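# Only the shape, not the letters, is given here:
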C-alpha cells in the first residue's frame, strides 16, 4: 500500500506538469480549433529563457533565490507570450480562413523552425539548471516522505487551472472567449472582437507553456532542445483525454496521464509504459469518442 | 471523363510522356555529364520516390477519405519488418515478401480500424499518433522475439530480377520509380472508380453521402486498409534498399513528414503529392551545405509555402461530371 | 495553370541540383566526417565536427600531409539510418578516401555497405554494436570498444566491488540495450543475481516511478547502461528519495554535465567505467589538444565519443602519411601495421577492425564532483 501511495504521488507530480502544458493546448484549441504543434517548442523556449536568466545571468546569485525565481517567472511568462503572439501573427493568422489541416502543417513547420532555432541559439548540448536553486525540503504527508517541490508543482498546476477557469467563467473577456469558442462568426456579429480574443488566447496559452518549461527546468534540472517534442505529445494526449477545448478536462487528462504512466511503470513494465498510455487513450476514445469532459460545441459540418 | 489527372490534349500528352522519359533518363544524363555526385543525387531521387509511394497511399486516407491520419509510419514499419523477417528467418526472396508485407500491413490496419474509424478529426489524429508510438515501442521491445529490439534487423537481401541483382543507386532508381508509376496508376484508377467517387462524396458531405445510401464506414474502412497495405509495399522497398530496419526509422517524425507531404502538396491531388515529396524530401538535401541550420530553413520554408498556397501547392481539381447544361454552368467551374 | 507550375517547379529543382553539384579541383586530401549534426544526437555530432575540424586545422597549419592540405567534408546523418544512407552516398561521391563516423550503431549499419562498395575506408567512432565488425568488411574499423568488451569489464567491476544483487536499467537504445544484455549474460553465469531488468525512456525526466519500483526489489547496486542526462536524473531523484544505493554506469555517462545536472551531493559516489576521462589523458599531444579546444569553445568536449572521432581522424591521417591516400592501402595499413598514440591512448586494430587492448578504467565521482580514477 505504501508502494501504491508513493506511486500515486509520483504520478500526480508528472501529471501536474502535463496538465499545465495541456491547458495551453486546450485554450488555443478551444477558440481556434487548431492543434498548435509548436506549443511543445514554446514550452522548451520557456525552459531555455529560464536557463539564460537563472544560470547564464546568474540572477539567483545576484538577487537571492526567491526574488530571482519571481522575476524569472514574470520574464519567462511575458517573453514566451510574446513569442506565442508573434507565432500566431506569422504562422497562423494568414491561414485563419483556410483549411484546418493547412494550419496544422504550418504549425508543424513552425515547430521544426523553433526547435532548430533553440538548438542554434543555445546549443545542442543538454543544459543544467544546477541542483542548488531550490531548497530540498522533505515534507511528511499522510505518512509519506514527499519532497516539498513536488507539492508545489502540483499546487501550482491546480492554482493556475482554477484561476484560468475563473477567468473564463467570471470575466467579460472570458465570456468573449467562450463565445468565440462556440462560434466565431456569431460572436463577431454579437460584437465580440474575435481577433483580440485570439490574441489573448495566444498570450495565455504560450505563457502557461513557458512556465511549465521553467518548472521542468527547476524541478528536474536538465533541459535540451528536443524536450518540447515529448512533452508536447504527452500534453496533447492529456488534452484529448480530457476533451480538448475544456479547461478542467485538460487538468483531469494531465493528472490521469501522469497516473497511468506511474502505475503502468509500477505494475506492468517501465519499457512499455508509454505504449500502455496510448492503449488507455485509445480505449478511452473508443468508449467516449470526444474525451472525458467534451466541450459542448455544436459540430460544424 | 478525363478526371483530374494529366492533360487531355494530344500535345499535353506528348509533353507528359517526354517529361517522364526525360526524368527516367536522369541517372544516365547525370553520369553522361560527368557529374561525380551523380549516385548521390540519384539516391536522393530514390528517397523521394519511396516517399511518393508512401504519400500516395496516405493521400487515399487523408486526402481522399478525409481521415486525419498521422500514423502512417506504423504500416510502413509493419511492411518493412515483414519483409525483413521473412527474408532473414525464412529465406524468402524480396519480391515474394512484397505481397505478404502488403497483407500484413493491411491486416494490422483492418484490426485497428474497427474501433477507431468513427472518431472525429483531431481525436482520430491523436489515436493514429498513438498507434505509431505503440508500434515503435513494440518493435523496440523486441515483440515476439522477432524484431531484434532497438538495433533492429540487418543483412536483408537485395532484390533481384531474373538473376539481375539491384545494388547501385541507379538500379534502385528504376525499381523505385517503376513502383511510383505503378502507384500512380493504381491510385488514379481508384480515384476514378466507384470507390473513389464515394470517398469524394463522403469527404464533401458525410451526412448527405450516408443519406444517399453510401456506407460511409465501409468506404472509410476500405480506404484505410488499402492505403495501409500500399504503405506495406513501400516498406518492402525501404527494407531492401537500406538492408537494415530499426525502430527509429518509423517514428512519429516520419508520420509527420508524410502528413506534411500530402497537405503541402494539395490534399487529394496526386500531382500535388508528387511535388510535395520533391519539396519535403528534396529541400533538406539541397540545404545540406547549411549544416546545422538546414532544418531551421526547412521549417520556415514550410510555413511560408503553406501561407502562400493554403490549399496546397496543387490542390485537386474539382471533379467534372456530365450534367445537364444549366447545372454545368452553375457548378462546373467551382473552385480552383 | 497548375500543370505549368508543376512542370516548372519540378524541372527548376532538378536544374538547381545539377548546378549545386559541380565538381571541383582535387589538390587536397579529402576526408569525410559523417556525424549527427541535427536531430536527437546533435550534441554529440556537433562536438565531433568541432574536434575533427580543430585537429584538421592543426595539421593544415603545420603544413598538411606532405605539403597537401586536408579538407573535411561533413555529411549530416541526422541520427537516422535513412539520412545516413544519403550522407554516405554524398560522401563517397565527393571523392573522399576515408570517412570518420558515425555515432549510433544502426545508423552506421545503414552506411557500411555504401562505403564498402565504393571502396572507402570507414572508421566508426561511437558504434559499439558487435555485429558491425562481425560482417567481415575489409575497410571497416572503429575506435570505440565493442559492447561485449564493455559488458565484460562492467560485469567484472561490479563483481570486483563486491555487489551480489543488482538492478539493471537500460534505455532501449541499441548501445544501452547491447551493453545491458552482455553484462546480464555474464551475471547470470556467475553468482550475481539480477533482481530487476527494464528500460526507461530516453528523454523522459521523471524516473521516480521506476526508482520506487526498483527500490522494492532491494538491490545492492543499480547498473545503468544509458546516457548521462538520464543517469544524472536517476542520481538526483534517488537522492531526493533519500535512498543511498550505489550506482554504476557505462562510458556514455562520462560527461561533466552529469554532476551539473545531478548536483555534487547526489552525484558523489557514482561509479562509471570509461576510456580515460578527458581530464586524465596523459599524453602531451592530448593535453595540448584539450587546451586548444577549451580555449576555443570555452569548455572540454562534453563526452568521450567526440574524442574517439578525433582519434579516428588521426589514425586515418597517420595512414595517409605513410601509405598515401589509396583506400585499400590505408585499410591494410590500419589492419596490419598501425600502432598509434591517439588522444584516448594507444590505438591498433585486429583483423576485423576492432580496437585492440583494454581501454576501460573505473572512475568514481568524489564529493567535489570530480571524476577520480579508481
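Structure's in. What do you need? Being a predicted model, the structure only gives us computed values, none of them experimental.

# mind listing what the closest residue to chain C within the stretch 51-200 of chain B touches?
Closest residue of the stretch 51-200 of chain B to chain C, CB to the nearest CB: residue B:151 (3.5 Å). Glycine gets a C-beta too; all of them are placed from N, C-alpha and C. Residue B:151 sits next to B:246, C:105, C:106, C:109, C:129, C:131, C:174, C:177, C:178 when contact means CB atoms under 8 Å, 6 or more residues apart in numbering or on different chains.

# now residue C:248
Applying CB under 8 Å, 6+ apart, the residues near residue C:248 are C:154, C:157, C:158, C:161, C:221, C:222, C:223, C:224, C:270, C:271, C:272, C:273.

# Residue A:44: what's its closest spatial neighbour, skipping adjacent residues?
residue A:228 (3.6 Å; CB to CB, 6 or more residues apart in numbering or on different chains).

# Let me know whether that neighbour touches residue A:37 as I believe.
No. Using CB atoms under 8 Å, residue A:228 makes no contact with residue A:37, being 9.8 Å away.

# Who has more neighbours out of those two?
residue A:228 (30 against 24; other CB atoms under 10 Å in any protein chain shown).

# Return the list of helices and strands in contact with the longest helix anywhere in chain B.
Looking across chain B with DSSP state H, the single longest helix is helix B:216-242. Helix B:216-242 sits against helix B:38-58, helix B:73-90, helix B:94-116, helix B:169-192, helix B:194-204, helix B:206-211, helix C:81-92, with contacts defined as 3 or more CB pairs under 8 Å, 6 or more residues apart in numbering or on different chains; DSSP states H and E.

# Throw those into JSON lines and include distance to chain A, thanks.
Listed next are the helices and strands packed on helix B:216-242 as JSON lines, based on distance: least, CB to the nearest CB, whole Å:
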{"stretch": "helix B:38-58", "distance to chain A": "12"}
{"stretch": "helix B:73-90", "distance to chain A": "11"}
{"stretch": "helix B:94-116", "distance to chain A": "5"}
{"stretch": "helix B:169-192", "distance to chain A": "19"}
{"stretch": "helix B:194-204", "distance to chain A": "11"}
{"stretch": "helix B:206-211", "distance to chain A": "6"}
{"stretch": "helix C:81-92", "distance to chain A": "15"}
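
# wait, which of those helices is closest to residue A:274?
Of all the helices and strands packed on helix B:216-242, helix B:73-90 sits nearest to residue A:274, with 14.5 Å by CB to CB.

# Among the contacts of residue B:151, which lie within strands?
With strands taken from DSSP state E, there is no overlap with the contacts of residue B:151.

# and the two most separated of these?
C:109 and C:177 (14.7 Å).

# higher neighbour count, those two?
residue C:109 (27 against 24).

# Contact partners for the more buried one?
B:151, B:154, B:244, B:246, C:81, C:127, C:129, C:131, C:132.

# So which of those residues wins on neighbours?
That'd be residue B:246 among the contacts of residue C:109, by other CB under 10 Å, with 29 neighbours.

# Could you pull up the residues touching that residue?
B:148, B:150, B:151, B:152, B:153, C:81, C:106, C:109, C:174.

# For the helix or strand that contains residue A:43, name the packing helices and strands.
Residue A:43 is part of helix A:39-51, with elements assigned from DSSP states H and E. When contacts are defined as 3+ CB pairs under 8 Å, 6+ apart, helix A:39-51 packs onto helix A:2-32, helix A:65-87, helix A:100-122, helix A:194-220, strand A:222-223, helix A:227-242.

# What parts of the stretch 51-200 of chain C come near chain B?
Neighbours of chain B within the stretch 51-200 of chain C, by CB under 8 Å from any CB of the partner chain: C:74-76, C:79-82, C:85-86, C:89-90, C:92-95, C:105-106, C:109-110, C:113, C:117, C:129, C:131, C:135, C:172-174, C:176-178, C:199.

# Can you flag the buried ones in those?
Buried subset of these (neighbour count, 16 or more other CB atoms under 10 Å in any protein chain shown): C:74-76, C:79-82, C:85-86, C:89-90, C:92-95, C:105-106, C:109-110, C:113, C:129, C:172-174, C:176-178, C:199.

# returning to that earlier point: now the contacts of residue C:248 in TSV, with pLDDT and secondary structure?
What follows is those, written out as TSV (pLDDT from 0 to 100; DSSP: H, G, I helix; E, B strand; the rest coil):
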residue	pLDDT	secondary structure
C:154	89	helix
C:157	89	helix
C:158	90	helix
C:161	88	coil
C:221	93	strand
C:222	94	strand
C:223	93	strand
C:224	94	strand
C:270	93	coil
C:271	92	strand
C:272	91	strand
C:273	88	strand
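
# which non-adjacent residue is nearest residue 137?
No chain was given, so I picked chain A. residue A:148 is the one closest to residue A:137 (CB to CB, 6+ apart), at 4.0 Å.

# oops, I was thinking of chain C
Nearest to residue C:137 is residue C:116, by CB to CB, 6+ apart, at 5.0 Å.

# what residues are up against the one you found?
Per CB under 8 Å, 6+ apart, neighbours of residue C:116: C:122, C:137, C:138, C:139, C:140.

# cool, residue B:175 as well?
So residue B:175 contacts B:159, B:166, B:237 (CB under 8 Å, 6+ apart).

# By neighbour count, which of those residues wins?
residue B:237 leads those on contacts (other CB under 10 Å) with 27 neighbours.

# tell me which parts of the stretch 151-300 of chain A are close to chain C?
Counting by CB under 8 Å from any CB, the stretch 151-300 of chain A sits next to chain C at A:216, A:220-222, A:224-227, A:229-230, A:261-263, A:265-266, A:269-271, A:273-274.

# one more time with 10 Å, if that's ok
Residues of the stretch 151-300 of chain A lying near chain C by CB under 10 Å from any CB of the partner chain: A:216-217, A:219-227, A:229-231, A:234, A:258-259, A:261-267, A:269-274.

# ok, now the stretch 1-150 of chain B?
B:4, B:6-7, B:12, B:15-16, B:19, B:22-23, B:26, B:29-30, B:33-48, B:50-51, B:137, B:140-142, B:148-150.

# Pick out the most distant pair among the contacts of residue C:116.
C:122 and C:138 (10.7 Å).

# Need the residues touching each of those two.
Contact criterion CB atoms under 10 Å, 6 or more residues apart in numbering or on different chains; residues shared by residue C:122 and residue C:138: C:116, C:327, C:331, C:353.

# so can I have TSV of these showing pLDDT?
Listed next are the shared contacts of residue C:122 and residue C:138 as TSV, based on pLDDT from 0 to 100:
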residue	pLDDT
C:116	90
C:327	86
C:331	90
C:353	88
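
# So which of these is the closest to chain B?
For the shared contacts of residue C:122 and residue C:138, the nearest to chain B is residue C:116 (11.2 Å; CB to the nearest CB).

# Show only the entries of the residues of the stretch 51-200 of chain C next to chain B found in helices.
C:81-82, C:85-86, C:89-90, C:92, C:105-106, C:109-110, C:113, C:117, C:131, C:174, C:176-178.

# and residue 146, what does it touch?
In the absence of a named chain, chain A is used. With CB under 10 Å, 6+ apart, residue A:146 has these contacts: A:5, A:6, A:9, A:10, A:12, A:13, A:137, A:138, A:139, A:140, A:154, C:240.

# think we crossed wires, I meant chain B
Residue B:146 neighbours (CB under 10 Å, 6+ apart): B:81, B:82, B:84, B:85, B:88, B:89, B:139, B:153.

# Any of those residues buried? List them.
B:81, B:82, B:84, B:85, B:88, B:139, B:153.

# Spell out which residues sit in contact with the residue nearest to residue A:261 when sequence neighbours are not counted, please.
Nearest residue to residue A:261, sequence neighbours excluded (CB to CB, 6+ apart): residue A:273, at 5.4 Å. Taking CB under 10 Å, 6+ apart, we find residue A:273 in contact with A:260-267, B:137, C:198-201, C:204, C:209-210.
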